[in-house]
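[1] The following block contains a protein sequence and its predicted model.
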Amino acid sequence: MDWSKTKSIFIIVFLVLDIFLMSLFVNKVSESNPETLSQATFEEKLKADKIKYPKTLSQDPTEEKYIQAKSRKFKDADISVLKDQDVTIINESTIHSTLDEPVPLDKDFSPDDLNDFMENQVIDGDKYSFWNYSTEEQTITYYQTYRGRQLFNNTNGKIVLTVNNDNKIVSYKQSMLEDLNEFGEDKSIIPSFVALQGLYTNQKISPDSVVHKPKLGYWTFLSEESQVLAPTWHFVVESGDKKENLFINAVEGQIVEISKPEKETLE
C-alpha cells in the first residue's frame, strides 16, 4: 500500500468535508441574519394585522442636514405692499389682515383654488404649502417650506386663513421664519420603511389601518431665539373614519410626541 497516496486522499477528503461544513455554517448564519429576519417578520406582521402601506417605501438610508432659522420681524414697509386689506403687525412677528372683499371658496374645495391668493395677497405666500382645511374650526392652514419640504407644526412659519359662515375667506394671520439654512455635518436619515417599523413597534398603528405615503420635512427640536429643525418623517394613518398625523425624527428615530393642543391644531 502506497502510504503517501493514501495520505493525500485523506487530506483531500477532509478538505472537501471542511468546505462542505463551512458552506452549511455560512448558509445557516445568512438565514438567521437579524436584519433580514426582522424585515420579513415585520412584513408578515403588517399582513397579519391587515395594515396597508405603500410598497414603494425606501429601505436605503440617505443623508440630510439640520436646518436653522429665526423669526422674521415684520416692518411697516413689508405690509405696505398688501393691497385691499387692513393689516396690522402684532408683536413684530405676526401679521393680522382683514380683507376688504372676502374671497369665496368653491364647495368642492381644492388647495389649487388658493394659489393666486397666496401668491398675490400674502407676503411670500409661495414659500408656504397647504396643510389642512378644518371645516369645524373654519380655518385653512399653511406651513412654511424649505426647499419644498414643510416645517411641520411650526407656529413661527404659519398662515391661518379664517373662513366665515358664507364659505368665504375674511381674514388671515401670518408668521414667518427667515435666514433658513443648513448647518453641521450630513446626518444619516433612517429609511421610511424603518420609520414605519418604529411607529408599528411602538403601537402607533392599529390593525386594519391604511398608511399613506410619508413625506420628509422638518420639526423644531430646539426653539429659542433661533430655531433648529431636524429632518422628520410625516405619516398619515387612517383607521376607520379617523385620520391621524404621526411624526418620527428621521435622524434619531424617535417618535415625536404631540400634546393634545398640538394634535388638535394638526388635525
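    Arrived safely.
[2] Now name the helix or strand holding L196.
    According to DSSP states H and E, L196 maps onto helix 192-201.
[3] quick one: average confidence on the next helix or strand after that helix?
    Counting by DSSP H and E, the next helix or strand C-terminal to helix 192-201 is strand 210-211. Confidence for strand 210-211, expressed as mean pLDDT, is 97.
[4] Make residue 1 into 43 and carry on from there
    Fine by me, first position is 43 from now on; the one you just mentioned is strand 252-253.
[5] Output the contacting helices and strands for strand 252-253.
    For strand 252-253, the packing partners by 3 or more C-beta pairs under 8 Å, 6 or more residues apart in numbering; DSSP states H and E come out as strand 268-281. Heads up, the C-betas are built off the backbone N, CA and C, glycines and all.
[6] so where's the stretch 143-292 of the chain shaky on pLDDT?
    266-267 (pLDDT under 70).
[7] ok, which stretches of it are strands?
    170-176, 181-188, 191-192, 200-205, 210-217, 219-231, 252-253, 257-265, 268-281, 284-291 (DSSP state E, counting those that start in this stretch).
[8] For N195, the count of nearby residues, please.
    Using other C-beta atoms under 10 Å, N195 has 23 neighbouring residues.
[9] V236 and Q101 touch, don't they?
    Yes: under the criterion of C-beta atoms under 8 Å, V236 makes contact with Q101 at 7.4 Å.
[10] Compare those two (neighbour count), which wins?
    Each of V236 and Q101 has its neighbours counted (other C-beta under 10 Å); V236 has more, 20 against 9.
[11] ok, so what distance separates the more buried one from D142?
    51 Å (C-beta to C-beta, to the nearest Å).
[12] same question, S100
    From S100 over to D142 (counting by C-beta to C-beta), the distance is 48 Å.
[13] of those two, who's got more company?
    Per other C-beta under 10 Å, whichever of S100 and D142 has more neighbours is S100, with 16 against 9.
[14] mind checking how far the more buried one is from K92?
    With C-beta to C-beta as the criterion, S100 and K92 are 23 Å apart.
[15] Equivalent analysis for N157, please.
    Taking C-beta to C-beta, one finds N157 at 38 Å from K92.
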